[in-house]
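**Student:** what follows is a predicted protein model with its sequence.
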Amino acid sequence: MDQRKTGIMKALARQWQLQSMVVPGIIWMFIFCYIPMLWLVIAFMDYSIAKPMLESPFVGLKHFEDFATDDRFWRSIRNTLGMSSIKLLLGFPIPILFALLLNEIRSLRFKRTVQTISYLPHFVAWTIFGGIALNWLGEGGVVNQLLMATGLQDREILYISDPKYFWWITYFTDTLKETGWSAIIYIAAIAGIDPELYEAAELDGAGRWQRMWHITVQSIRPTIAILFILAIAGILGSNFEQIFMLKNNMNMKMAESLDLYIYNMGLVSGRHSFSTAVLFARSIVALGLLLLANYSSKKLANESIF
Amino acid sequence: MDKRGRARRGGSFEFVNALLMLAVCFLTLYPMWFVFINSINAPQQAMLGTVNWFPKELSLDSYSVAFNDKSLMNGFLITTLRTVIGTVTHVLFTAIVAYGMSKTQLIGRKLYMRIALITMLFSGGLIPTFLLMTKLGLYDNFWVFILPSLYAFFNMVIFMSFFRTIPDGLEESAKVDGASDYGVLFRIVLPNSMAVLATIALFSAVYHWNDYYQGVIYIRSQDLLPLQTILYKIVAENSMSFMQQQAMAQFGARLPGNSIKFASMMVATAPILLFYPFIQRYLVKGVMIGAIKG
């Protein structure tokens, strides 16, 4: 036993350089990932930032009961699910559609140019993109001008201050910003399809749409499935940088997502323990969702991420 | 012959599809064009509202306000510093950890990997992280931009799998010549990994340049605010800095707030737009590696 121990010590000493490369990474993870995980226990305490954590009184599930009976919490759940569902149902297929149509472009140069341009907005900050949206959706903005010029609307609407448009605004701005970027992964998957499959299908008399459906779509199904699992697992999340940019006092009713609720309660109102309780509950549900989505996808489509 | 036949059959589809793709390009580029033309539209014209296609009258007045605005320029400096320091430290730190992890003879490798993987499944989240930063003295401290983003799991995995593709022979011969592990890493491995280093560095740089959220949460002092956080305040909260208010007064309030907004937006995004044509292929490469490994 002792001999083995000294053996390991010797081996460690021999590779001290390699160890000294990895250990700082592990220390970093302990500080910046594991300590925050431990801090989640304040969800069960009445924590105050002025005192050491362990001196705070233990209150059990009090904060969980508090948020479960808070209407504003349920409103934030509704908003999160609303925005996520629109993104999932109407947003998820768009990059796939874009990749499929781009794939039909014959000219390689045109194809590459379109692709390069299409993911530019991904690299433009939300401050700028959100700023454009705020301007366009405001009084005299481009959206009002366009809709009035085409006769779809007879007077100005302040889209950004009217809560009922907020979910759609997040959907459209997100689609405009991220479609090209999200399509990359599908474009790569399509590029990996064996061209002989297309030739064989053509010989069999398959038309353009048949080839697109039976070969292209079927071949990238695993990619679609995996991204769909991840999208479902992330349904309780929201794009904080986007919402934070577009929200205002008038549209808060529909804009406050779960993330924003946690931020407002925790950092604006200073209710650290309460917000941590919400965070805690959310991460458990999110993990459950991930496992469920993975399981059902394995059953239904024979695809899974683990 | 076959090709021509196909093209003829799908003629109308090809045409509509090409138009559709052009529409996508238009939708993508127009927002940036809109910001640009409105930033150079003369103030007295901008009073009448935004322009949609071309400026009515050229003027750089808004830019002179933006460039003379001390808080905006200080934000530019903070963001530049943060981007340079943050990117260099992130790439070095993550690459060094990844090199160690790429060696199969590393004792405890499985345990280390498990420790790293758990951080992917669980996290403390906003509030615990905020409390930790406060306790570490990182609240309202420049290093809050650097230290928490020193390392990222996905980038580590990308580095690790790239390092494995470097032929062992190269490393062995350096070892025979008496090089240490660090010597091999810095003299053999990293110089042979320029493509992946560039990719990760660019992603890190774009993140640091564009992030406004850290500044909103952790920074209180005006002189530590990054450019994007200042822009957030100008654009979303409609707050004007003292300098801007003064400038507007100087122009006899003839310079509408919108012009300054657009000029500030251009200043904040110009580096990205200027470098984009040169760096975009590295960015795409990064996603590909990430997608295959992840």
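**Tutor:** Okay, I see it. Numbers count the residues shown, from 1 in each chain, chains lettered A, B, ... in the order given.
**Student:** C-alpha from now on. contacts and neighbour counts both.
**Tutor:** OK.
**Student:** helix or strand for the nearest residue to residue A:220 once chain neighbours are set aside, which one?
**Tutor:** Leaving aside its sequence neighbours, residue A:220 sits nearest to residue A:189 (C-alpha to C-alpha, 6 or more residues apart in numbering or on different chains; 6.0 Å). Secondary structure assignment for residue A:189, by DSSP states H and E: helix A:166-191.
**Student:** buried stuff in that helix?
**Tutor:** Using 16 or more other C-alpha atoms under 10 Å in any protein chain shown as the test for burial, helix A:166-191 gives A:166-167, A:169-171, A:173-187, A:189-190.
**Student:** try stretch B:57-66
**Tutor:** Judged by neighbour count using 16+ other C-alpha under 10 Å, the buried positions of stretch B:57-66 are B:59, B:61-63, B:65-66.
**Student:** which among these gets closest to chain A?
**Tutor:** When the buried residues of stretch B:57-66 are compared for distance to chain A, the smallest value, 15.3 Å, is given by residue B:66; criterion: C-alpha to the nearest C-alpha.
**Student:** isn't that closest one up against residue B:259?
**Tutor:** No. The pair residue B:66 and residue B:259 fails to qualify as a contact (C-alpha atoms under 8 Å) at a distance of 9.8 Å.
**Student:** spatially, which residue comes closest to whichever residue of the stretch 51-200 of chain A sits closest to chain B, not counting chain neighbours?
**Tutor:** For the stretch 51-200 of chain A, the nearest residue to chain B under the criterion C-alpha to the nearest C-alpha is residue A:125, separated by 4.9 Å. The spatial neighbour of residue A:125 that comes closest, neighbours along the chain excluded (C-alpha to C-alpha, 6+ apart), is residue B:210 at 4.9 Å.
**Student:** surely that neighbour and residue A:129 touch.
**Tutor:** No. Counting by C-alpha under 8 Å, residue B:210 stays clear of residue A:129, with 11.1 Å between them.
**Student:** I'd like to know how far residue B:144 sits from residue A:39.
**Tutor:** Distance check for residue B:144 against residue A:39: by C-alpha to C-alpha, to the nearest Å, it reads 19 Å.
**Student:** gap between the residue nearest the centre of chain B and residue B:32?
**Tutor:** In chain B, the residue lying closest to the centroid (C-alpha atoms, centre = their mean) is residue B:206, at 1.2 Å. Taking C-alpha to C-alpha as the criterion, residue B:206 is separated from residue B:32 by 17 Å.
**Student:** burial of residue 152, as a residue count?
**Tutor:** You didn't say which chain, so I picked chain A. Around residue A:152 sit 10 other residues, with neighbours defined as other C-alpha atoms under 10 Å in any protein chain shown.
**Student:** oops, I was thinking of chain B
**Tutor:** The local packing of residue B:152 (other C-alpha under 10 Å) involves 18 other residues.
**Student:** could you list every residue that touches it?
**Tutor:** Shown here is residue B:152, whose contacts under the criterion C-alpha atoms under 8 Å, 6 or more residues apart in numbering or on different chains are residue B:94.
**Student:** distance of it from residue A:57?
**Tutor:** Residue B:152 is 35 Å from residue A:57, where distance means C-alpha to C-alpha.
**Student:** same question for residue A:22.
**Tutor:** In this structure, residue A:22 and residue A:57 are 38 Å apart, going by C-alpha to C-alpha.
**Student:** now residue B:197
**Tutor:** Residue B:197 sits 49 Å away from residue A:57 when distances are taken as C-alpha to C-alpha.
**Student:** tell me the SS of the closest residue to chain A within the stretch 1-150 of chain B?
**Tutor:** With C-alpha to the nearest C-alpha as the measure, the residue in the stretch 1-150 of chain B that lies nearest chain A is residue B:124; the distance is 4.2 Å. Taking DSSP: H, G, I helix; E, B strand; the rest coil as the rule, one finds residue B:124 in the coil state.
**Student:** my guess is it meets residue A:40, correct?
**Tutor:** Yes. If you go by C-alpha under 8 Å, residue B:124 and residue A:40 touch, sitting 6.3 Å apart.
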